[in-house]
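Chemist: quick one: sequence and predicted model below, then my questions.
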Amino acid sequence: MVRNKIESVRRRIVQAAESAGRDPAGVRLIAVTKTVPVDRIKEAIACGITEIGENRVQEAQAKRLEIGPAVRWHLIGHLQKNKTKFAIELFDQIQSLDSVELLELLERAAQRPLDTLIQVNISGEKTKQGVAQDQVELLADRLTQCKHLRWTGLMTIAPYSNDPEAARPVFRALRQLRDSLQQKYSRPLGLSMGMSGDFETAVQEGATAVRVGSAIFGERA
């Protein structure tokens with residue numbers, strides 16, 4: 001069942017990319033494994049999944065002990081400041097960088113290169129994490145000076161809606177922000193956006209990574 005769902009998601013990514021005139025190879029699939037048992041994660045890995053997204057440091061710790069570094073691990077949930085040292089040990093990429101304070105903690109604790117994305121609250125929802133759009137350059141300026149943290153792009157979470165089209169303005173705004181930052185800082189930047197309910201729209205708007213959980217593993221209990 002997991003294999004069929006992964007194949008379905010990959011087909012939909014290809015179709016969405018081609019409909020926008022994009023190369024589907026430019027879109028990475030990150031399987032979101034929050035609350036997913038290790039045996040089902042291993043099944044997904046056996047079906048070709050190479051990137052895993054976890055929301056919580058503690059949950060990732062237990063899973064990584066069993067799964068190991070065979071896949072690339074992404075922290076996609078909010079990172080509490082007292083968990084930064086653990087996060088550095090566990091994850092290959094932190095997608096939820098949302099403050100200068102957190103940046104400084106990560107940079108001081110890191111002993112190796114660590115990929116990071118700036119999480120942007122494009123929609124301005126009070127329930128969403130992330131920096132406001134007008135604060136992104138403050139973080140970007142500091143990131144470009146870091147020795148260990150490598151700034152590789154932007155991440156956002158669109159407002160929940162049953163209509164994937166409702167997310168399009170958010171994804172488009174993040175892409176436009178990314179385009180302007182690429183020009184200013186003269187570096188390629190990725191876009192992590194789109195989840196199970198709206199990843200096709202995200203791909204059409206330029207996502208280079210989509211974070212898909214329930215469309216692969218089913219709804220959480």
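Modeler: All right, it came through fine. Numbering: from 1, shown residues only.

Chemist: so who does residue 164 touch?
Modeler: When contacts are counted by CB atoms under 8 Å, 6 or more residues apart in numbering, residue 164 touches 197, 198, 200, 201. Bear in mind the C-beta positions are built from the backbone N, C-alpha and C, glycine included.

Chemist: do you know how far the residue of the chain most remote from its centre is from residue 216?
Modeler: For the chain, the residue at maximal distance from the C-alpha centroid (CA atoms, centre = their mean) is residue 1, at 24.5 Å. From residue 1 across to residue 216, the span is 10 Å (CB to CB, to the nearest Å).

Chemist: all helices for the chain, in order.
Modeler: With DSSP state H, the ranges of helices along the chain come out as 2-19, 38-46, 57-67, 84-90, 100-109, 136-143, 168-185, 199-204, 214-217.

Chemist: pick the most deeply packed of those.
Modeler: Ranked by mean neighbour count, those are led by helix 199-204 with a mean of 25 (mean count of other CB atoms under 10 Å).

Chemist: elements contacting that helix?
Modeler: Counting contacts by 3 or more CB pairs under 8 Å, 6 or more residues apart in numbering; DSSP states H and E, helix 199-204 is packed against helix 2-19, helix 168-185, strand 209-212.

Chemist: check the offset of that helix from the chain's centre.
Modeler: The chain centre lies 14 Å from the centre of helix 199-204; the measure is CA atoms, centre = their mean, to the nearest Å.

Chemist: need the mean per-residue confidence for that helix.
Modeler: For helix 199-204, mean pLDDT is 98.

Chemist: stretch 207-214 too?
Modeler: 98.

Chemist: show me where pLDDT drops low in this protein?
Modeler: 221 (pLDDT under 70).

Chemist: any idea how far residue 86 is from residue 111?
Modeler: 14 Å.

Chemist: good, wrapping up.
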